[in-house]
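Undergrad: my questions are about this predicted structure, shown below with the sequence.
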Amino acid sequence: MILGALVDAGLEISLLRTELEKLHLYGYKISGEKVKRAGIAGTKVSVNIFRQHEHPHAADHAPHLTFPDIRLIIEKSQLHQHIKENSVKIFHRLASVEAKIHDASIEDVHFHEVGAIDSIVDIVGAVIGLHFIGIEKIFFSPIPTGSGYVKCDHGTFPVPAPATAELLKNQRLKSIAIEKELTTPTGAAIITTLGEGLKSIPEMKVHTIGYGAGSNDNPEVPNLLRVVIGDEDIQNQESDEVWIVETNIDNMSGEIMGYVMDKLFSAGAADAYFTSIQMKKDRPGIIISAIVPEKHLSSVEAVLFNQTTTFGIRKHKVVRSILSREVKEYESSFGKIKVKIGAFNGYIKNISPEYEDCKRIAEEKNIPLKHVYTILAKELDAFGHFLKK
């Protein structure tokens, strides 16, 4: 369905075939056709595997390849290095999940359902499509998993299947009362490895919309994957979604609190801060707060549980309005320094020198740091007017 959506959005299937040939895999055919799902038109891309009597290089049974097998196939190909890296990254994540589920090493685990030729074509083909369309960022909405049961190589399991469930940890899911597997391990691996989950569509200027069709046709809910392709509108105020994670502490020393702060930033927090509060039994306490991007949420939570005395944390997702940011090199009276420039609706609002550069100048010149900031503030004000012109 990912391939179908990309082809529907303009990816030439002939280019896809040409690039996939660089894998030197045989015994399959990839094709695309226009179909309708619940009355809405989309593109159905099929990867058909030949049997021995149909093709000289085909096999009657799809091999159960290991991660090293697949990595070797990809790395020996003549594909673009960026395509190779992202494809291997997806398969490595799948291997890690399968290894955890089956209590095996990554090198030894057999992929079964996602190790056959058609799944290699699906995953590498999706990365090829994203590369040639020129996608720089990928965001995805809450993921529907379906309900009921699905037959896997090891038996029958409730939906989502074990590998899918593991891949979707820390992601926002959507409940749909359809007794089918709506998200497979392959699809989950592609979007969660390369993309970021958001509750709502990000601000963008939409250029193309494509629909990728699944095999079944549900008359109530269209069995389609929609891809929306566009550009960030750099003239508009930027925004993103982040988590605020907090916990109250009343029994830790200042030294440990400082250590926790360092660990939060190392775990990926965009910002962290302490707020003094009065707690029960008249105890003075501290709220530890962290602003966290989605992809670092689990790491930051682990820091709070591992490094503090908390018995629980609270969290909620918020939308930030942020200035567009750019770092430039500026030739100051002290020499070259880096400055951070923040703009809103195309107009510069803030210009600030990097602290480390100011600190270095103060130590080299043996002058107070505040004097460095005072002098640079005047220079950067003139620099800002120059940039506006």
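TA: That came through fine. Residues are numbered from 1 along each chain as shown.
Undergrad: where do the helices sit along the stretch 51-200 of the chain?
TA: For the stretch 51-200 of the chain, applying DSSP state H, counting those that start in this stretch gives helices covering 67-75, 81-102, 117-133, 162-167, 185-194.
Undergrad: using a markdown table, please lay out those together with mean neighbour count, distance to residue 282 and mean pLDDT.
TA: Where you see a C-beta, it was placed from the backbone N, CA and C, and this is true even at glycine. Formatted as a markdown table, those follow (neighbours: other C-beta atoms under 10 Å; distance: least, C-beta to C-beta, whole Å; pLDDT from 0 to 100):
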| stretch | mean neighbour count | distance to residue 282 | mean pLDDT |
| --- | --- | --- | --- |
| helix 67-75 | 18 | 57 | 92 |
| helix 81-102 | 19 | 46 | 92 |
| helix 117-133 | 23 | 57 | 93 |
| helix 162-167 | 22 | 46 | 90 |
| helix 185-194 | 22 | 46 | 94 |
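Undergrad: so what pLDDT did the residue nearest the centre of the chain get?
TA: In the chain, the centroid-proximal residue (C-alpha atoms, centre = their mean) is residue 195; its distance is 2.9 Å. pLDDT, residue 195: 93.
Undergrad: got the contact list for it?
TA: 138, 139, 140 (C-beta atoms under 8 Å, 6 or more residues apart in numbering).
Undergrad: rerun that using 10 Å as the cut-off
TA: Contact analysis of residue 195 by C-beta atoms under 10 Å, 6 or more residues apart in numbering lists 130, 135, 137, 138, 139, 140, 171, 295.
Undergrad: inside strands: which ones of those residues?
TA: Using DSSP state E, the subset of the contacts of residue 195 located in strands is 139, 140.
Undergrad: filter the contacts of residue 195 to the buried ones?
TA: Those of the contacts of residue 195 that meet the buried threshold are 130, 139, 140, 171, by 16 or more other C-beta atoms under 10 Å.
Undergrad: just the helices in the stretch 201-350 of the chain please.
TA: 254-266, 297-307.
Undergrad: which strand residues bridge residue 110?
TA: Taking DSSP bridges as the rule, residue 110 bridges to residue 66.
Undergrad: neighbours of it, just the number please.
TA: Around residue 110 there are 16 other residues, counting by other C-beta atoms under 10 Å.
Undergrad: hang on, isn't it packed against residue 66?
TA: Yes. Shown here, residue 110 and residue 66 form a contact pair, counting by C-beta atoms under 10 Å, at 5.9 Å.
Undergrad: which residues do those two both contact?
TA: Joint contacts of residue 110 and residue 66 (C-beta under 10 Å, 6+ apart) are 95, 98.
Undergrad: before we move on, the earlier item: now tabulate the contacts of residue 195 in a markdown table and tack on distance to residue 323.
TA: Shown next, in a markdown table, are the contacts of residue 195 (distance: C-beta to C-beta, whole Å):
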| residue | distance to residue 323 |
| --- | --- |
| 130 | 28 |
| 135 | 25 |
| 137 | 18 |
| 138 | 23 |
| 139 | 20 |
| 140 | 26 |
| 171 | 28 |
| 295 | 22 |
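Undergrad: list the contacts for the residue nearest to residue 42 when sequence neighbours are not counted?
TA: What sits nearest to residue 42 in space, not counting adjacent residues and going by C-beta to C-beta, 6 or more residues apart in numbering, is residue 211, at 3.3 Å. Neighbour list for residue 211: 1, 4-5, 8-9, 34-37, 40-44, 222, 224-227 [criterion: C-beta under 10 Å, 6+ apart].
Undergrad: again, only this time at 7 Å
TA: Going by C-beta atoms under 7 Å, 6 or more residues apart in numbering, residue 211 touches 5, 8, 40, 41, 42, 43, 224, 226.
Undergrad: which of the residues you listed sits closest to residue 186?
TA: If you rank these by distance to residue 186 using C-beta to C-beta, residue 5 comes first, at 14.2 Å.
Undergrad: CA atoms only for the helix or strand encompassing the closest one, dumped as PDB, please.
TA: Assigned by DSSP states H and E, residue 5 belongs to helix 2-8. C-alpha atoms of helix 2-8 as PDB (Å, rounded to 0.1, in the frame of the first residue of the first chain):
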ATOM      1  CA  ILE A   2       3.000   2.300   0.600                       C
ATOM      2  CA  LEU A   3       4.300   1.600  -2.900                       C
ATOM      3  CA  GLY A   4       0.800   2.100  -4.300                       C
ATOM      4  CA  ALA A   5       0.400   5.500  -2.600                       C
ATOM      5  CA  LEU A   6       3.800   6.600  -3.900                       C
ATOM      6  CA  VAL A   7       3.100   5.400  -7.500                       C
ATOM      7  CA  ASP A   8      -0.400   7.100  -7.300                       C
END
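Undergrad: hmm, who's touching that helix?
TA: Here helix 2-8 has contacts from 13, 32, 42-45, 122, 125-126, 129, 133, 187, 190, 210-213, 225-227, using C-beta under 7 Å, 6+ apart.
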